[in-house]
Every structure is written in C-alpha cells, then in structure tokens.
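In: pasting a predicted model and its sequence here:
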Amino acid sequence: MKRLMIVLAVWLAAGPTLVSARVLEQRLENGLKVIVKEDHRAPIVTSQVWYKIGSSYEYGGLTGVSHVLEHMMFKGTRKHPVGEFSRIIAANGGDENAFTGRDYTAYYQNLAKDRLPVAFELEADRMRNLNLLEKEFRKELAVVKEERRMRTDDKPNSLTYEQFNAGAYEASPYRNPVIGWMSDLDVLQLADLRDWYRQWYAPNNAILVVVGDVDPQAVVRLAKRYFGPLKPEPITKPKPRTEPKQHGIRRFTVKLPARQPYLILGYKTPVVGKADAEWEPYALEMLSYVLDGGDSARLARELIRGSQVATDAGADYSPFSRLPGMLVLDAVPTPGRSVVEVEKGLREQVERFKRELVSEQEMERVRNQVIAAKVYEKDSVFYQAMLIGQLEAAGLDWRLADSYVDHIKQVTREQIRQVARKYLNEDSLSVAVLEPLPLDQKKPRQASTGGDRHGV
C-alpha cells in the first residue's frame, strides 16, 4: 500500500495551488461529505463512495464483518434485485468494484461523464436500502471463507505476515486481518451484518468523491438529489485501542509446509497527525525509499546483488493511516543462506542510518523519484479520487496531498538519522520467521465452488 500511496500523493501534491483551485468540498445536510475534482482531459468520471469503517473498527468475535458486508452490497435492494447493480453499470459502458481496508470500505464506478446519475442512483439506493437475505448471506460467507483459504491459509508468506501482525500488535486493532479470522467467520450471523450496516452505512459516515470531466456545482446538485433524502444515523466513535509501549524485541516462528523461508521485521512508528514532530513521518518515508525505491536502492544493491544473501527484499511504510503502524522490512534468503544471515543484513542496513548520514546522492534520487511519479499517474482520474478518499476515510484532510512534495523536499539527512535513532530500535522491533516444513506434509483439499470478484 505504501508504494501506491506515495505514487498517488506525489502528483496531486506537485501543484498545490492548482489542485486546491480545482477541488470543491461540500457537506450535505444529512452529513454526507462531497468532494469533487475537475479533470477535463477526457469525457470520463470516477464516482467513489468511501465509508469510514473497516477492519480496525472490528473487535474480537466479529472480525471480517466489514469485508463480508462489502460482498453483500452487491446482493440487491428492493428496487434493484441481485445482479442488477453490475448489469446496469455494464450496460452503461462502465466498470465497478469495491474493496475493504483497515480504515475504510469503498465502492466505485468508472463511466462516461453523462452516466454519473446512474452511479449516484444505484449507490444512494444501496446505502440505506440493502436487502440482507439469509440465503445470499450464506452463499457469500462461503465465498469469503474460500477467499481466505486461497489468499492466506494456502500461502505460507501471507499466513506468516498475518501471524506477524497478530503478534507485533498487542492492543491495536491492526492486529486483526481485514478478511477476518476463520473462527469468527464460522460464527458470523446475518444479524451481525444487519447491525453493522445500519450503524455505519449512513450518509454522515461516508465520503462521496467524484473526479473527472464534470462541473462541480452540478455534481453537488446531483448528490443532493440522490443522496440528500437519506437519513443520517447516530455515530458512536469506537473507543481508542492505543498500542502500549513495547519493552523489548518480540520473536515469532511460524512452521508451515513451504518451499523457502521468509523473514519479517517490523518497527513501531508514528504516522501523520500522531508524531511528536510534523516532519517525522516524512523522514521515515524518505528512509524507507532509500532502502527500497528501485534497483538502485540499498536493499536491492547490497543484499540482493551485493552480498547475495537474499533473493528478494523490501521495505514498506505508510505515513497516512488512522492509527500508528510499523516500518516493515521483509526478505527471502538466497538458497544456501540462512534466515540469521538475512536478519543480520537487514538490521545492519537499519543501523547504518543511525551511524552515518544518507548521501546527498541518495536523497536526490528519492526526491527525483517522488517528483517523477506524477508523470505516471497524472492521467488517471481513478487514482486521483483514491488518494482523496483514502486520506479522508482515515480521518485526515485530502489537502495533505498539497504539501506532500514540499514535506519530502524539506526532509534533511540529519532528520533521517534522528528518526532512525528514535524509532528503529530493538525495544520496538518484532521479528517473524517462516520455518519451512516439507511440502508433502501439506494436505490437499478440494476447492469449493463459487467465486466473486468483489473483495479485499
């Protein structure tokens, strides 16, 4: 996600005055926030509805409910039966889908600009009028369970990463997987979905983001027509589940049938709005890019091509999330090299930031990458809307995009060393190791029938 966020943030941020001038923000009387951005380069539009609800709002016994509800949102209303939503969008030449994250659940349609009323009518209808039928619920629950088996349970690295999060976080809801624990899915009931839908799928808990060849004032009028009549819902903010200070390294071993070992290191780090200093998350972002920002970055240059201790290595950090997270490093050892050697190599790279300043050449490379990224994303109205929605749904201001490049440019080499010394220490470190078992220990299973393209 971090790589996606940086690419998206970059090109919106490259011209703060221009971006601000082309975005209209308005809140309807029922609480729905509407954000419209003009982009007249093509006669198309993306319409996205973001709900401020995801796996980080869930609690023990109810994990996965946000994702299952996402599936059920395509199962019809009284006005539009099962399958009609997708059929109507396709008949109008558009495409649509949805996704669930830690901090949000989002639904989108990409269409010709004159088809925007079609998307609004459909989304407004299912925001408050969803049919939640037992038969469809049981069918989709089976699909989600199969999705979990295929994407997590049957993939050693994914299962190891899930176990890593569950162990690294003690209280933070980021410890739970977006798709949910299988034990919770096994006991999930339709009544749980009804309560979740009623409580969170309300206009005053949603953001409507429209980007494309549109007149912003006309879009707001259209939003008032379709979404305005919907009634708001009393929203009770979840109690904070603050991650306690870690007091020493945490280690986990996951034993699974696998072809190769896998290593994950995670350091607890702050995010924008929750750091001691405003510049710290941006310094951590720069640090992660020095490690993993292309073939010339340190991990590729020194661990893969140099010492050849790893066949794959990466670093990931996102400064934009609802709750503090981690700077994560992971690697796959080269055959014949041990996990111990790989961990030593990764941790040595971290220690380098504490001992010596990043070279000005590396700083310039990262700055150039950040600025150049706008070239590759500037033609996508979809990703422009994605950034706005992600920031707003995480409780942040979409205007953060305006100052992103400036913040990155202002990060100094000394600031990178300061955040490394402050946050990347052993007392905040968690380590997970996948210890491969023979593949013949893996029991074959018969895949269930059915499938669904909507998902995490």
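Out: Looks like it came in fine. Numbers count the residues shown, from 1 in each chain.

In: which SS class is Leu111?
Out: What DSSP: H, G, I helix; E, B strand; the rest coil gives for Leu111 is strand.

In: next, work out how far apart it and Val210 are.
Out: 11 Å (C-beta to C-beta, to the nearest Å). Where C-beta positions appear, they are placed from N, C-alpha and C, glycine not excepted.

In: between those two, which one's more packed in?
Out: Just comparing Leu111 and Val210: by other C-beta atoms under 10 Å the higher neighbour count belongs to Val210, 28 against 21.

In: could you give the bridge partners of that one?
Out: Val36, Ser47 (DSSP bridges).

In: touching, it and Ser47? I think so.
Out: Yes: counting by C-beta atoms under 8 Å, Ser47 is a contact partner of Val210 at 5.3 Å.

In: common neighbours of those two, please.
Out: Common contact partners of Val210 and Ser47 (C-beta atoms under 8 Å, 6 or more residues apart in numbering): Leu116.

In: need the overlap of contacts for Leu111 and Val210.
Out: Val45, Ser47.

In: now Arg337. Nearest residue, chain neighbours left out?
Out: Nearest residue to Arg337, sequence neighbours excluded (C-beta to C-beta, 6 or more residues apart in numbering): Val309, at 5.0 Å.

In: hang on, isn't Leu400 packed against Leu391?
Out: Yes: counting by C-beta under 8 Å, Leu400 does reach Leu391; the two are 5.8 Å apart.

In: could you list the buried residues of stretch 341-360?
Out: Glu341, Val342, Glu343, Gly345, Leu346, Arg347, Gln349, Val350, Arg352, Phe353, Val358 (16 or more other C-beta atoms under 10 Å).

In: JSON lines for those, including distance to Gly93, secondary structure and pLDDT?
Out: JSON lines is the format used below for the buried residues of stretch 341-360 (distance: C-beta to C-beta, whole Å; DSSP: H, G, I helix; E, B strand; the rest coil; pLDDT from 0 to 100):
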{"residue": "Glu341", "distance to Gly93": "54", "secondary structure": "helix", "pLDDT": "98"}
{"residue": "Val342", "distance to Gly93": "49", "secondary structure": "helix", "pLDDT": "98"}
{"residue": "Glu343", "distance to Gly93": "52", "secondary structure": "helix", "pLDDT": "98"}
{"residue": "Gly345", "distance to Gly93": "51", "secondary structure": "helix", "pLDDT": "98"}
{"residue": "Leu346", "distance to Gly93": "48", "secondary structure": "helix", "pLDDT": "98"}
{"residue": "Arg347", "distance to Gly93": "53", "secondary structure": "helix", "pLDDT": "98"}
{"residue": "Gln349", "distance to Gly93": "49", "secondary structure": "helix", "pLDDT": "98"}
{"residue": "Val350", "distance to Gly93": "50", "secondary structure": "helix", "pLDDT": "98"}
{"residue": "Arg352", "distance to Gly93": "53", "secondary structure": "helix", "pLDDT": "98"}
{"residue": "Phe353", "distance to Gly93": "50", "secondary structure": "helix", "pLDDT": "98"}
{"residue": "Val358", "distance to Gly93": "49", "secondary structure": "coil", "pLDDT": "97"}
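
In: out of the residues you listed, who's nearest Asp330?
Out: Leu346 (8.5 Å; C-beta to C-beta).

In: from Asn30, how far off is that closest one?
Out: 50 Å.

In: and Pro240, how many residues sit next to it?
Out: Around Pro240 there are 9 residues (other C-beta under 10 Å).

In: which other residues reach whatever helix or strand Ala432 lives in?
Out: Per DSSP states H and E: Ala432 is located in strand 429-437. The contact list for strand 429-437 (C-beta under 8 Å, 6+ apart) reads 156-157, 160-161, 163-164, 167-168, 246, 249-267, 326, 339, 343.

In: ok, stretch 215-229 next?
Out: 24, 26, 28-30, 32, 34, 36-38, 116-117, 120-121, 123-124, 127, 203, 208, 210.

In: shaky segments in the protein?
Out: The model of the chain has pLDDT under 70 over residues 1-21, 374-378, 442-456.

In: ok so Trp26 is a strand residue?
Out: Careful, residue 26 is Gln; it's not Trp. Yes: assessed with three-state DSSP, Gln26 lies in a strand.

In: check the secondary structure at Ala331 for me.
Out: Under three-state DSSP, Ala331 comes out as strand.

In: go through the contacts of stretch 215-229 and flag which are in strands.
Out: Leu24, Gln26, Val34, Val36, Lys37, Glu38, Leu208, Val210 (DSSP state E).

In: just send those residues back as CSV, with distance to Pro319 too.
Out: Converted to CSV, the ones in strands among the contacts of stretch 215-229 look like this (distance: C-beta to C-beta, whole Å):
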residue, distance to Pro319
Leu24, 26
Gln26, 27
Val34, 26
Val36, 26
Lys37, 22
Glu38, 27
Leu208, 25
Val210, 26
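
In: circling back: mind listing what the residue nearest to Arg337 touches?
Out: Contacts of Val309 (C-beta under 8 Å, 6+ apart): Leu303, Pro333, Thr334, Arg337, Glu341, Val342, Gly345.

In: ok, the last one - contacts?
Out: Residues in contact with Gly345, defined by C-beta under 8 Å, 6+ apart, are Glu302, Leu303, Ser307, Val309, Ala310, Ala331.

In: how close does it get to Ala90?
Out: 50 Å.

In: what do you get for the second one?
Out: Per C-beta to C-beta, Pro333 is found 46 Å from Ala90.

In: all the strands of this protein, residue numbers only.
Out: 23-27, 33-38, 44-51, 95-100, 105-112, 206-212, 250-257, 262-269, 310-316, 325-333, 429-437.

In: contacts for the fifth one, please.
Out: Counting by C-beta under 8 Å, 6+ apart, the neighbours of strand 105-112 from elsewhere in the structure are 43-51, 53-54, 66-67, 69-70, 73, 89, 92-100, 118-119, 122-123, 381-382, 385, 389, 393.

In: pull out the buried members of these.
Out: Counted by 16+ other C-beta under 10 Å, those give 44-51, 53-54, 66-67, 69-70, 73, 89, 92, 94, 96-100, 118-119, 122-123, 381-382, 385, 389, 393 as buried.

In: what's the burial count for Gln246?
Out: 18.

In: may I have the phi/psi pair for it?
Out: Gln246 adopts backbone torsions of phi -80, psi 140, taken as degrees, to the nearest 10.

In: residues contacting it?
Out: Glu170, Lys268, Asp427, Ser428, Ser430.

In: that one and Val214, how far apart?
Out: For Gln246, the distance to Val214 - C-beta to C-beta - is 48 Å.

In: now swap in Glu302 and tell me
Out: 48 Å.

In: neighbour-wise, which of the two wins?
Out: Taking neighbours as other C-beta under 10 Å, Glu302 and Val214 compare with Val214 leading, 23 against 19.

In: isn't the more buried one up against Lys113?
Out: Yes: between Val214 and Lys113 there is a contact under C-beta under 8 Å: 6.0 Å.

In: quick one: common contacting residues for the two?
Out: Val45.

In: before I go, just wanted to say thanks for your time.
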